[in-house]
Each structure stands twice: as structure tokens, then as C-alpha cells.
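**Q** From the sequence below, what's the structure:
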Amino acid sequence: MKVDIDKVTGIIREVSAEEIAPRFGQLDEADIDIKTHALDLVTIADTEAERVLTKRLTDLLPGSRALGEEAAHADPALQDRIFAGDDPFWIIDPVDGTKNFAHHRQPFRCMVGLYSGGETVAAWIVDPIEGSATVAEKGAGTRYQDKKVSVRSNITKASDAKGFLISYARDRIRKHYGHLDFFADVTHYSCCGAEYEELARGAYDFCAYRTLKPWDHAPGTLLVRESGGYARYITTDKNNEYNANATAPGLLCASSEELWAEINEILLPLFS
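**A** Numbering: from 1, shown residues only. Model prediction:
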């Protein structure tokens, strides 16, 4: 199974430019809907971009299938069926950071992963407005705008690290330990794709998540690994590597193994 990495990048850029970018800041109330709760939104940009990406990507790789976020919401059994099969498939998050997009805020990203043989083998994260792309292929590294990038592997202590923590983690840390002073700096973009890009490009050092849908994390974890970082579940088993078809209480990515181990110890009591 072989796919033209650059051709996929071009398809994602084209679909983002046609279906997502023109709708930014132009949505009417009828273009936005609520899925499971008030903060879980879907827009016409999500549904249309996923529809076009599904068609173009499966056409590009005959015999492949697609697991899109919106399709999985409409058909809750789709994820299990796709992973149970042997065909390669595309994991699609048409607009990662929909809440930002719907409220005319940045960042948001279009994310795609290619899953084959039980693992993510290629990944793309594209900025629909700028067209910039961060791309990874298993065994070939991570590239941003066609230039190879790497994590800040020299950061080995949490006190020196900048990272992304969801509000759940920040609140639990404060409640459990009484402070959040373990890290040099923590923030949250409400967009996994942009956070994974920052880690893979060496601007930040870690990120941690609780909700582990494959479209949110399959592309970004490959970017991190191929740029020299680590992506493992928050468990007592430090070798519990991330896989899009597994579950765990939480996921932690870090730029060095030492940093991952220290932050895992911090988070472990909170993600059990």
C-alpha cells in the first residue's frame, strides 16, 4: 500500500480552501448545530469538508475506506466496523477546533491520518486559512512546509517545560496538589491539531488529553513521534504506546522520555 504524500497534502489544502476558509466568519445560525452538548458543535464547513475529503481520498487510494468525525457521530457503530476490517482507511477531522471556528476564532485545523496494518502510517495537519501543512510519514520524519522539524528533546524536566493541558487536567492538578507550579507554562488552544503542531515543531514540550477519539489524536501523535517525541497512554505501563484503536483514561505526549515519565507521574492519580 503506497500513497502519494504530496498529492494528499494538495487535496487537503484544496478542500480546506474551498469548503472551510470561505465560511470562516460567515456562518449563519442555520449553519451551526449542537451534537452532544452545547460546546460540542458542528458546522456546514465540517460536514461539507468531510464529504468532499471522503470522496477524494478514497478515490485516490482504491479499496480504502473513511472514518470521519461527523460520519461516526451519525453512525455510532461505524468506528468499530472500520477498525474491524482489513482495508486501509482515512481518519478525518474536517475542522478540528470547531468551537473556535464557529465563534470566529483561531486556531482551527483540518486533520487527516492514514491507518493501515494496525497503525497510523501517515498524517496531515493543515491550516485552512494559511494553507500551511505539517506532514508525517512513518519512518520518514515530520515536515512543516516541506522542512524537517523536531521536538525540543533537551527539555527533560517539567519545571522547564511549556505545554498544553485541558481544563480538566488543570483543575484536577490544583485540587489534588494545591498548585499548578510543576511547569514553566501551561495553556490550551481548544484545537488539538494546532497543539500537536507546536509540540512537533519544538515550540512546546508536552500535551495531555482525556477524550481520545481517533480523529483528534491519530494524526497528531504520528507528527510527534516522527519528530522525535513520545505518545503514550497515562498509565503505570510506560510502554503503553498510543494506538488509534485503543482506549485509556488519558493520553500524554512529550518531547523527551524523561519529561514524559515525570509528567505521567504527576497526572497518573488524576486520570485513573
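**Q** tell me which element Lys148 is part of?
**A** Using DSSP states H and E, Lys148 sits in strand 147-149.
**Q** Asp59 in helix, strand or coil?
**A** Going by DSSP: H, G, I helix; E, B strand; the rest coil, the secondary structure assigned to Asp59 is helix.
**Q** The closest residue in space to Glu197 that isn't next to it in sequence and Ala140, how far apart?
**A** Among residues not flanking Glu197 along the chain, Thr134 sits closest, at 4.9 Å (CB to CB, 6 or more residues apart in numbering). From N, CA and C alone the C-beta is placed, and that goes for glycine too. The gap separating Thr134 from Ala140 is 13 Å, by CB to CB, to the nearest Å.
**Q** So these two - more neighbours on which side?
**A** The residue with more neighbours, out of Thr134 and Ala140, is Thr134; 28 against 12, by other CB atoms under 10 Å.
**Q** quick one: the helices in this protein?
**A** 5-15, 44-60, 69-74, 78-84, 98-102, 167-177, 192-200, 214-226, 257-267 (DSSP state H).
**Q** looking at these, which is closest to Asn239?
**A** helix 257-267 (10.8 Å; CB to CB).
**Q** helices or strands next to the closest one in the packing?
**A** Contact here means 3 or more CB pairs under 8 Å, 6 or more residues apart in numbering; DSSP states H and E; on that basis helix 257-267 packs against helix 167-177, strand 206-209, strand 230-233, strand 251-254.
**Q** you'd agree Leu223 is up against Lys138?
**A** No - at 11.1 Å, Leu223 and Lys138 do not qualify as touching, with contact defined as CB atoms under 8 Å.
**Q** Give me the more crowded residue out of the two.
**A** When Leu223 is set against Lys138 and neighbours are counted by other CB under 10 Å, the residue ahead is Leu223, at 32 against 16.
**Q** out of everything not next to it in sequence, what's closest to Gln79?
**A** Spatial nearest neighbour of Gln79, chain neighbours left out: Ala72 (5.2 Å); criterion: CB to CB, 6+ apart.
**Q** Now do the contacts for the one you found.
**A** By CB atoms under 8 Å, 6 or more residues apart in numbering, the contact set of Ala72 is Leu78, Gln79, Lys213, Trp215.
**Q** 10 Å instead, please
**A** Contacts of Ala72 were listed using CB atoms under 10 Å, 6 or more residues apart in numbering, and they are Ala66, Leu78, Gln79, Asp80, Ile82, Ile91, Ile92, Lys213, Pro214, Trp215.
**Q** what's Cys135 in contact with, if anything?
**A** No Cys there; residue 135 is Val. By CB under 10 Å, 6+ apart, the contact list for Val135 reads 5-6, 8-9, 12, 112, 122-126, 141-146, 219, 222-223, 226.
**Q** what do you get for Leu252?
**A** Contacts here follow CB under 10 Å, 6+ apart; on that basis Leu252 touches 163, 169, 206-209, 230-235, 242, 259-261, 263-264, 266-268, 271.
**Q** Ok, Ala49 next?
**A** Ala49 touches 12, 15-16, 18-20, 23, 43, 68, 70, 92-95, 110, 128, counting by CB under 10 Å, 6+ apart.
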